[in-house]
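Participant: give me the fold of what follows.
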Amino acid sequence: MKISTGLYFDRATTQLGNVQGELSKTQEQLSLGKQIVKPSDAPDKAALVTRLESELSRQTGYQDTLKAVNVRLTAEETALKNTSDVMFRIKELAVQAANDTLSPQDRQSVALELSNLKDQVLSLANSQDSNGNYLFSGSRTGVPAFSKDANGHVQYQGDQARMKVNVGDSRRMNLNMPGSDVYTRVVRDDGKGGKVGVDFFQSLDDLVTAVKAGDHPNMQRGIAEIDTLQNGISEGLGQVGSDLTVVDMQNTVLDQVVLQLKTTRSDVEDLDYTTAITKMNKDQLALEAAQSSFAKISQLSLFKFLN
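Facilitator: Okay, here's the model as predicted:
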C-alpha cells in the first residue's frame, strides 16, 4: 500500500512539474513573440532560422553596398552636370571673343572669365565624396585626379582602373569612372602631316591664350575643341545615368529578396498569438487541476504517514 501511494504521489508531482513547464514555456513564447525560445525546442526549425538569418545578412550587405554605390554615382553625376554647365558657358564666351566687333579690353575680360571657368572645371574634376575620396582618380582615390605641375600645366594623377563591387549574387557594378575617360583629349594636326593628342585642360589653356592674343584661327580651333571636350563629359553623364538606373533596378530586386526571406523567417519562428494565448489558458486550467489533485493527495492519511 505504501508503494502504491508513493507512486501515485510521484506521478502527481511529475504531472504538476510538466504542466508548470508547459505554462512557463508558453508565457516565455508570448513574452518574446517567438515559437522557438531555444534551439532544443525545435532543432529543425532553429537550423532553418539560422540559415535564413545568414542569407538575410548577406542580402542586406548587398543593399548597404548598393547604397554606397548610389551615393558615389550621384556625386559623380552632380560633378559632371556642373562641369557640362560650365563648358556651355566657356563655349558661349569663346564664340563671343571670336567676334571681330569685340574690343581688346573686352576680350581681356573674357579671357579672365575663361581662365576662372577653367579653374572651376578643374575643381569639379577633383570632386570628392563624403569620405574624402576623389571621384575621378580611378583606384588612386587618395590623390586629386588632376594637379598642376611646376609649369602650371594640369596633369592627370589617377589611373585607368575601374573598380567594381558585388551588389548581388551574380551582379557586379562599376563604382567609379577614371578622369581620363571623362576629361578626354583632343586630336590636332602637328603641323608635320601627323596628329598629336592634347590634354583636356591644355586645350582650355590654349583657348585662353588665343583669346588674350586675339588669335582668331586658334580661337576657332578652341571653339571646335570645346565640342569634343563636351562630348566626353556627356558620355560620362550617360554612363553614370545608366549605372544609376541599374542601381534602382537592383534595389528593387534586393528589396523583394529581403522581403521574401523575412516573410519565410517570420512564418518559421514568429508566434501565433491567438493560438498561444488559447494554449496558455488551457495550461493554466491544467495547472490548477494538477495543483488541486496534488493537494488532495497530500491530505491522504497514508501519505501523511509516509512523511
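Participant: all helices for the stretch 151-300 of the chain, in order.
Facilitator: 179-182, 200-213, 216-269, 273-298 (DSSP state H, counting those that start in this stretch).
Participant: what's the closest of those to Val86?
Facilitator: Closest of the helices of the stretch 151-300 of the chain to Val86 is helix 216-269, at 9.5 Å (criterion: CB to CB). Every residue, glycine included, has its C-beta placed from N, CA and C.
Participant: so what touches stretch 221-238?
Facilitator: For stretch 221-238, the external contacting residues (CB atoms under 8 Å, 6 or more residues apart in numbering) are 76-77, 80-81, 83-84, 87-88, 90-91, 94-95, 98, 177, 181-184, 186, 188, 198, 200, 203-204, 206-207, 210-211.
Participant: how about the strands in the stretch 51-200 of the chain?
Facilitator: Taking DSSP state E, counting those that start in this stretch, the strands of the stretch 51-200 of the chain run over residues 146-148, 154-156, 164-168, 171-174, 186-189, 195-198.
Participant: give me whichever of these is most buried.
Facilitator: Stretch with highest mean neighbour count among those: strand 154-156 (a mean of 19; mean count of other CB atoms under 10 Å).
Participant: contacts for that strand next, please.
Facilitator: 122, 145-149, 179-180, 183, 199-202, 205.
Participant: mind checking the pLDDT average for it?
Facilitator: In this model, strand 154-156 has a mean pLDDT of 95.
Participant: equivalent analysis for stretch 230-237, please.
Facilitator: Mean per-residue pLDDT for stretch 230-237: 96.
Participant: distance from it to the middle of the chain?
Facilitator: In terms of CA atoms, centre = their mean, to the nearest Å, the centre of stretch 230-237 is found 25 Å from the chain centre.
Participant: buried residues in that stretch?
Facilitator: Within stretch 230-237, the residues that qualify as buried are 230, 232-233, 236-237, counting by 16 or more other CB atoms under 10 Å.
Participant: let's have the residues you listed in TSV, adding distance to Ile223.
Facilitator: Shown next, in TSV, are the buried residues of stretch 230-237 (distance: CB to CB, whole Å):
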residue	distance to Ile223
Gln230	11
Gly232	16
Ile233	16
Gly236	21
Leu237	21
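Participant: and the pLDDT at the spatially most central residue of the chain?
Facilitator: Closest residue to the average C-alpha location of the chain: Lys67 at 1.7 Å, with CA atoms, centre = their mean. pLDDT recorded at Lys67 is 95.
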